[in-house]
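K.L.:
Got a predicted structure plus its sequence, pasted below:
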Amino acid sequence: MNNNGLTKKDSLAMKGIAIIIMLFHHLYCEVSRFDKYEIDFSPFSQDFIVDVSLMMKICVSIFAFITGYGLLKSIAKTPLDRGSVLKWNITRLLKTMSGFYFVYIIVFVTTQLLSGLPMKAYFSGSKVKGLIYVFADFMGLSHLFDTPSLIGTWWYMSAAFIFILLVPIVYFVSKKISYLPVVFVIICLPRLLNVGYPGGTNAYTFILPMVFGMIFADYNLFEKIGSLKPKNKVVAYIIDFLFFGIAVVFSYFIFINFRGAKMWELKFAVVPVFFICFCRYCIIRIPVIKNILEFLGRHSFTLFLTHSFIRYTYLNEFIYSFKNFMLIYVVLFSLSLLLAIVIDLIKKFVQYDKLINKLIVNINKKVGSVE
């Protein structure tokens, strides 16, 4: 095992884990999603599966943590002057959002041909408003501006946009006064404003796990945790499995005993760190499993963007018709992964990423020329 923190391959594997639990979460997190179908949950109870799927909401926290970790490693190499940070923001936003733009265009055209979904979603009112809604959704900002979207799960694109803008600010502040006041303000602000729990689709809920990712990267905490363990790999693995495994089990009881808005910072920021550490030190250490997870991680973004069209928009009845809860999951995951692979192959075939990279270079040159 390496002690080099969270490598790019490790991050891909973690994204693979996050997308695995995300699909399970979306299938069973609410009884209303499947109550009209006869589903066999044996050997478990329905309540247990619902509780587990509710806990799997931490998939969003995992993505936020990995985002914070990766962006910190990137911004730490960037001079914190206005021009450099502006170029960094442009680069990160385009690299992140361009993948969404590509999928959006394919989804827009396909769903319009299949069922006229874009017209129904955007143009129930005036044409001008409809065009504004299209633009907001295309930019990934529909949830931020509370405008219509083709699919509800795209709310995370607004969060991703906010995270990228926040990282340089949080990093600059932390260098001046440390991360502790930043974490304190994030926790206290909703209480001071008397707004309570921001909500499961609110970017604010996941700023704290993003900051935790930054802290792990900035202070090399994965490396430091690794250095504390015995040199014997078998003994170290057993210690990791027991300590972080028990922490994950304990986290389950936190989720089922503190539902809804209760202890949301603990559930969506602290608990995911234990889960991430368990996966980092126990799951992605297994070579074959890690290779599979890396493969899923490479397609996780497209899979996230498109799977709800299968589960919810078009094949809802078909997916839940398989009756056994695990078979339902396997069918949904298989179809979603196949669709994601096809879209990613199309993107590779048209050399979309190369076009985006050229665009980034040209924009940054123009930004540099006006400084």
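P.N.:
Yep, that arrived. Numbering: from 1, shown residues only.
K.L.:
Every contact and neighbour count from this point should use C-alpha atoms.
P.N.:
Fine.
K.L.:
mind listing what's buried in stretch 220-232?
P.N.:
Neighbour-count burial for stretch 220-232 flags 221, 222, 223, 226 (criterion: 16 or more other Cα atoms under 10 Å).
K.L.:
so where's the stretch 251-371 of the chain shaky on pLDDT?
P.N.:
368-371 (pLDDT under 70).
K.L.:
and with 80 instead?
P.N.:
259-262, 366-371 (pLDDT under 80).
K.L.:
Could you do the stretch 1-150 of the chain as well?
P.N.:
In the stretch 1-150 of the chain (pLDDT under 80), the answer is 1-4.
K.L.:
Could you tell me which residues within the helix or strand that contains residue 114 count as buried?
P.N.:
Following DSSP states H and E, one finds residue 114 within helix 82-115. Across helix 82-115, burial judged by 16+ other Cα under 10 Å covers 84-94, 96-104, 107-108, 111.
K.L.:
Does residue 10 touch residue 286 like I think?
P.N.:
No. The criterion here is Cα atoms under 8 Å, and residue 10 misses it with residue 286 at 11.6 Å.
K.L.:
So which of those two has more stuff around it?
P.N.:
The residue with more neighbours, out of residue 10 and residue 286, is residue 10; 21 against 11, by other Cα atoms under 10 Å.
K.L.:
which strands and helices sit next to the helix or strand that one falls within?
P.N.:
Secondary structure assignment for residue 10, by DSSP H and E: helix 8-28. Applying 3 or more Cα pairs under 8 Å, 6 or more residues apart in numbering; DSSP states H and E, one finds that helix 8-28 contacts helix 46-55, helix 58-75, helix 287-308, helix 325-349.
K.L.:
if we look at it, which residues are touching it?
P.N.:
Contacts to helix 8-28, defined as Cα atoms under 8 Å, 6 or more residues apart in numbering, come from residues 33-34, 49-50, 53-57, 59-60, 62-63, 66, 276, 279-280, 284, 290-298, 300, 303-304, 307, 311, 329, 332-333.
K.L.:
Same check on stretch 203-223?
P.N.:
Against stretch 203-223 from outside (Cα under 8 Å, 6+ apart): 3-6, 60-62, 64-73, 156, 158-159, 162-163, 170, 179, 183, 186, 197-199, 264-265, 268-270, 272-273.
K.L.:
what comes up buried for it?
P.N.:
203-217, 221-223.
K.L.:
do stretch 116-135 as well
P.N.:
117, 118, 119, 121, 122, 123, 130, 132, 133, 134.
K.L.:
Kindly report the same for stretch 187-204.
P.N.:
187, 197, 201, 202, 203, 204.
K.L.:
pLDDT wise, what is the first one at?
P.N.:
Each residue has a pLDDT score; the one for residue 187 is 92.
K.L.:
how distant is stretch 283-293 from the center of its chain?
P.N.:
20 Å (Cα atoms, centre = their mean, to the nearest Å).
K.L.:
At the geometric centre of the protein, which residue sits there?
P.N.:
With distances taken as Cα atoms, centre = their mean, the residue of the chain nearest its centroid is residue 63 (3.2 Å).
K.L.:
which residues sit in contact with that one?
P.N.:
With Cα under 8 Å, 6+ apart, residue 63 has these contacts: 15, 18.
K.L.:
cool, and residue 298?
P.N.:
12, 16.
K.L.:
ok, it to residue 310 distance?
P.N.:
20 Å (Cα to Cα, to the nearest Å).
K.L.:
try residue 34
P.N.:
Taking Cα to Cα, one finds residue 34 at 15 Å from residue 310.
K.L.:
between those two, which one's more packed in?
P.N.:
For residue 34 and residue 310, the more surrounded residue by other Cα under 10 Å is residue 310, and the numbers stand at 18 against 15.
K.L.:
Can you name the residues that contact the more buried one?
P.N.:
316, 332, 335, 336.
K.L.:
For the first one, which non-adjacent residue is spatially closest?
P.N.:
Same thing as residue 316. Nearest residue to residue 316 in three dimensions, chain neighbours excluded: residue 310, at 6.8 Å (Cα to Cα, 6 or more residues apart in numbering).
K.L.:
Could you do the last one as well?
P.N.:
Distances taken as Cα to Cα, 6+ apart put residue 307 closest to residue 336, at 5.1 Å, once the chain neighbours are dropped.
K.L.:
ok, now which ones touch the one you found?
P.N.:
23, 332, 336.
K.L.:
Tell me the spacing between the first one and residue 45.
P.N.:
According to Cα to Cα, residue 23 and residue 45 sit 19 Å apart.
K.L.:
burial of residue 47, as a residue count?
P.N.:
For residue 47, using other Cα under 10 Å, the count is 12.
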